[in-house]
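Visitor: structure of the sequence below:
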Amino acid sequence: MTKVNICKKVILLLSLWVIGLMNPGVGFDAMPASRGELCEYQINESTNTVSYELGHASTLYPQDVESLIKKGYEKLSDISLGNDRANSHDLTIFRNYNRHNPYYFKNGVTLTNFLEWMGGYIYLSSSAATDEKIQARVETFVSIIWALVQLSWQRGDKFNRGAIIIQDKDKKIHDYLERLVLFCAHVEQPSDLNNGIYTIWGSNIGYNRLGQSSHFSGRQLTHYGFDARFESKSFALPVLPFGKEHVLFGRGITHRGEEVTFIKPEEAGVADFWSLWRHTYCFFAPIPPGTLLRREKDVPPKIATEIYVLMKRMHTHRRIFPCFNHNEKIQHIYQKIETGDLDGLYFETTKAYDISWFMMILSQIAHKGDVPDDIQTQINTIKELLISEFDEKSLFLRSGNEVLLLDREW
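Guide: From the prediction side, this is the model:
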């Protein structure tokens, strides 16, 4: 390889990086809603372009979004009812998927492509045979996410950054999405999936993220990444809600011991250099003001503060609660109280406990009976706050401030 060719390749890579930084269609943060609708938009008549209030990709026309939501609702219904139609996949909305590509070059900065570039192959267009079966399943996956987000907004659970947790007691949603991942990755079972950018070969559409995520840390049963990527070596496209390109999902266990399905649209995945850089940036970057945040990691501060007060009072009266003598979480909290290391901030995250676990503790206290007045008053205060913030019927399964969908709600 001549020095001239090497220089050309370096210039190409640098140009691609700069284009990505400058392109406004792949911004890291969604705009806050101003008019209360998920798909609120404006049309610039001079350029005939669409601008969504919540940062959805401008290349998605309003009729595209409407079609995706409708298709997603139909799939969710078929999955729930066990209809064979759920396993029928058509590529209709994204048949011209490269229209949504915000880059000049179709192929993404993946390890595989990098090696091919260094070997002397520069792809200015795709040379791979179109695999419509995979692309149709990518469209199905994207449509389901749009439908779940729309359902959340219709219920009043508005967000543009955060997670949706589904009860999914029979794992229908999880197993369906898992099958899409396996098909798009050309593998038969989850153990055959690669780990995104951490392996050179293999599909970058669906991959394993078990143990690589901070969500449900230590309580993950499965954890997958799925990119809105219509070819294994092409760029992920921002066609998910809020201009996101990636979905993290899997099964996790609440601190109460219940299994749930976790779904989180993310700005970018980890399956190519550019995506990994953006994923890392978004992880550490401050959350912009006005973001509609609904994360399973967070407990509202006012609730966390009152739980802290209750735990201190329970510690004072610990002798009348022998039922907690062997509860490791309660004993750990007591130890932190005694050493002066506990404050309200401890209860603002769900790393060590969550709301479902706390509801279980309240149930055990109520079962005891004859509760001291100061503790009962504090319990009543917390219950009022919880009911004012969340649906009372969801508290037994709730982790934190996420959008929570019970099986009967979809």
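Visitor: ok, V309 - how many residues close by?
Guide: Number of residues near V309 (other Cβ atoms under 10 Å) recorded here: 15. Glycine gets a C-beta too; all of them are placed from N, C-alpha and C.
Visitor: secondary structure element for the residue lying closest to it once chain neighbours are set aside?
Guide: Distances taken as Cβ to Cβ, 6 or more residues apart in numbering put Q378 closest to V309, at 5.9 Å, once the chain neighbours are dropped. Element membership for Q378 (DSSP states H and E) is helix 373-389.
Visitor: model confidence over that helix, on average?
Guide: Confidence for helix 373-389, expressed as mean pLDDT, is 96.
Visitor: how about it: buried residues?
Guide: Buried residues in helix 373-389, counted by 16 or more other Cβ atoms under 10 Å: 375, 378-379, 382, 385-386.
Visitor: quick revisit: you'd agree the residue nearest to V309 is up against M311?
Guide: No: Q378 lies out of contact with M311 (Cβ atoms under 8 Å); the separation is 9.5 Å.
Visitor: surely V260 is within a strand?
Guide: Yes: assessed with DSSP: H, G, I helix; E, B strand; the rest coil, V260 lies in a strand.
Visitor: for S356, see how far away the closest residue to R155 other than its chain neighbours is.
Guide: The shortest distance from R155 to any non-neighbouring residue, by Cβ to Cβ, 6+ apart, is to E409 (7.5 Å). Noted for E409: a distance of 17 Å to S356, by Cβ to Cβ, to the nearest Å.
Visitor: number of nearby residues for the residue nearest to R155?
Guide: So E409, with other Cβ under 10 Å, has 13 neighbours.
Visitor: got any ranges where the protein has weak pLDDT?
Guide: The model of the chain has pLDDT under 70 over residues 1-36, 102-130, 198-203, 410.
Visitor: pop the domain breakdown of it in here.
Guide: Domain ranges of the chain: 3-294, 301-403, per automatic domain parsing.
Visitor: among the ones you listed, show me which one is buried the most.
Guide: Highest mean neighbour count of these: domain 3-294, a mean of 18 (counted as mean count of other Cβ atoms under 10 Å).
Visitor: now do that domain: distance to the chain's middle.
Guide: Put simply, domain 3-294 sits 10 Å off its chain's centre (Cα atoms, centre = their mean, to the nearest Å).
Visitor: change the start of the numbering to 39 and stick with it
Guide: In the new count, where the first residue is 39, that last one comes out as domain 41-332.
Visitor: so who does the most centrally placed residue in the chain touch?
Guide: The C-alpha lying nearest the average C-alpha coordinate of the chain belongs to K302 (Cα atoms, centre = their mean; 0.9 Å). K302 is in contact with 200-202, 253, 285-287, counting by Cβ atoms under 8 Å, 6 or more residues apart in numbering.
Visitor: measure R316 to P276 for me?
Guide: 11 Å.
Visitor: apologies, that question was intended for T292.
Guide: For T292, the distance to P276 equals 31 Å [Cβ to Cβ].
Visitor: repeat that for E112.
Guide: Distance, E112 to P276, by Cβ to Cβ: 24 Å.
Visitor: same question, V103
Guide: Between V103 and P276 the distance is 13 Å, computed by Cβ to Cβ.
Visitor: quick one, what contacts the residue lying closest to N246 once chain neighbours are set aside?
Guide: What sits nearest to N246 in space, not counting adjacent residues and going by Cβ to Cβ, 6+ apart, is L231, at 4.1 Å. By Cβ under 8 Å, 6+ apart, the contact list for L231 reads 219-220, 223, 225, 240, 244-246, 262.
Visitor: and the furthest pair within the residues you listed?
Guide: G240 and Y262 (13.8 Å; Cβ to Cβ).
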